[in-house]
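In: please find the sequence and the predicted model below.
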Amino acid sequence: MSELDKKEARLATLLQADGRVANARLAEQLHLSEATCWRRHKRLEELGVIEGYQAILNRRKVGASVLAFVQITCTQHSEAATAEFERIIQASSRVLSCHNTTGEADFLLQVVAKGLDDYSHFVETVLRQLPGVSSIRSNLSLREMKATSHLPVEELLGL
């Protein structure tokens with residue numbers, strides 16, 4: 001992938017803040033013509049820098065009062081066990097993110113639930129059914145101080 005220039009980095013930053021902003025407004029903020037701004041926007045999509053657009057929902061207002069960070073340790077690391085683990089995790093809408101990590105645990109998951117009973121049911125019916133799981137450690141969020149998916153594009157690129 002070719003490196004982004006300053007205008008493209010700024011465009012990506014602006015779109016993270018408001019994915020619905022009009023092209024005319026973007027062009028004005030970037031000091032570009034609308035046609036040039038639109039072409040740069042499309043280039044970011046074609047390069048895969050922009051993977052998609054979505055609304056950011058308040059999890060509590062849609063009934064997800066529990067947010068859990070779950071560490072999973074596995075005893076089986078075969079290709080088949082790993083593929084089945086991944087298939088189950090990908091199919092679970094409660095799992096917001098899953099990372100294969102270094103350290104004591106093999107995986108770190110971010111999971112939402114309606115309440116503690118709902119979370120307990122999820123652990124019993126999904127997580128405990130995963131192949132080769134030897135340990136499940138949950139940390140429940142008491143208070144969310146920061147949650148974002150915005151990347152510091154310009155900072156990362158040194159711009």
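Out: Now that the structure is in, tell me what you want to look at.
In: please identify which helix or strand holds the residue nearest to residue 44 when sequence neighbours are not counted.
Out: Nearest residue to residue 44 in three dimensions, chain neighbours excluded: residue 50, at 4.7 Å (C-beta to C-beta, 6 or more residues apart in numbering). Glycine gets a C-beta too; all of them are placed from N, C-alpha and C. Using DSSP states H and E, residue 50 sits in no helix or strand.
In: hang on, isn't residue 50 packed against residue 42?
Out: No. If you go by C-beta atoms under 8 Å, residue 50 and residue 42 don't touch, sitting 9.3 Å apart.
In: who has more neighbours, these two?
Out: In this view residue 50 and residue 42 are compared by other C-beta atoms under 10 Å, and residue 50 has more residues nearby, 17 against 11.
In: and the more buried one, what is it in contact with?
Out: With contacts defined as C-beta atoms under 8 Å, 6 or more residues apart in numbering, residue 50 is in contact with 12, 15, 41, 44.
In: do the same with residue 64
Out: Counting by C-beta under 8 Å, 6+ apart, residue 64 touches 112-114.
In: cutoff 10 Å now
Out: 57-58, 94, 96, 111-115, 118 (C-beta atoms under 10 Å, 6 or more residues apart in numbering).
In: next: residue 137.
Out: Contacts for residue 137 (C-beta under 10 Å, 6+ apart) come out as 69-73, 104-105, 108.
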